[in-house]
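*Asks:* Predicted model, plus sequence, below.
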Amino acid sequence: MVGFCGALRGDLLLLAWYFCSLLLVFCVELASAVWTYEQPSVQISDMISLKSRMQNYGLQRYQWLTHTWDSIQTQFQCCGVIYFTDWLEMTEMDTPPDSCCSNQYPGCAGHAHLHDLSDLHQEGCGPRVFSFVRGCGALQALRLLGVALGVAQIVAMALSLTLMWALSYERRDLTSDPPSDTPSDPPLTLEMEPLT
């Protein structure tokens, strides 16, 4: 709205305000995009949070969490957050859940834990879930939308700078060459006297 009013009225101050606010918003968006693109500390803190919630697995009031863990471990073919031993470190369980097994059946994790660890999914769910989220189509669409908005902001800033330059150039021409109120000198005419 500020840019529209500044362009309509030809007001340099409003256009400068519009440009500066667009530049500020663009810088904040760019900084947040760079920060979130590859931020391993966010992933690490999220994994620590996931590990701390493993203690509630199997409890009656956290059935939703138990179901979620089982679904994730089955769908992504993973076990624990980093490694399958997370279940033994973070809980009072003697074996990982049965959803960690390659071939699931009741008691498969206990059998695999005692006899053949290769029957358990070895990779943790944390890296697999994060890579799934990074490759998600909806997230890619949001990234493209962010890039499109950034390009639109750059174009708007360029147009506002161009308009500010044109207005200041026009005003400079008007102030450097003011119109005079005195009538201009009459044109020179040659008068010839007749020859005698």
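*Replies:* Ah, there it is.

*Asks:* Could you give the number of residues near M90?
*Replies:* Applying other CB atoms under 10 Å, we find 17 residues neighbouring M90. Using the backbone N, CA and C atoms, a C-beta is placed for each residue, glycine as well.

*Asks:* Leaving out chain neighbours, which residue sits closest to it?
*Replies:* Computed as CB to CB, 6 or more residues apart in numbering, the closest residue to M90 that is not its neighbour in sequence is M54, at 4.2 Å.

*Asks:* which residues does A141 contact?
*Replies:* Neighbouring residues of A141 by CB atoms under 8 Å, 6 or more residues apart in numbering: there are none.

*Asks:* for it, phi and psi?
*Replies:* Main-chain dihedrals, A141, degrees, to the nearest 10: phi -60, psi -40.

*Asks:* ok, now the one 4 residues further on?
*Replies:* Dihedral angles phi and psi of L145 (degrees, to the nearest 10) take the values phi -60, psi -40.

*Asks:* Give me the spatial nearest neighbour of N56, chain neighbours excluded.
*Replies:* Of all residues beyond its chain neighbours, the one nearest N56 is Y62 (4.1 Å), with distances taken as CB to CB, 6+ apart.

*Asks:* pretty sure the one you found contacts Q55?
*Replies:* No - when contacts are counted by CB atoms under 8 Å, Y62 is not listed as touching Q55 (9.3 Å).

*Asks:* And the residue nearest to N56, how close does it get to G110?
*Replies:* According to CB to CB, to the nearest Å, Y62 stands 21 Å off from G110.

*Asks:* that older thread, that's a helix at the residue nearest to N56, yeah?
*Replies:* Yes - assessed by DSSP: H, G, I helix; E, B strand; the rest coil, Y62 belongs to a helix.

*Asks:* Give me the nearest residue to the spatially most central residue of the chain, chain neighbours excluded.
*Replies:* By CA atoms, centre = their mean, the chain has its centre lying nearest to A33, at 4.0 Å. Once flanking residues are discounted, A33 sits nearest to G146: 6.3 Å by CB to CB, 6+ apart.

*Asks:* Next, count neighbours for the one you found.
*Replies:* Neighbours of G146 (other CB under 10 Å): 14.

*Asks:* That one falls within a helix, correct?
*Replies:* Yes - looking at G146 with three-state DSSP, it is inside a helix.
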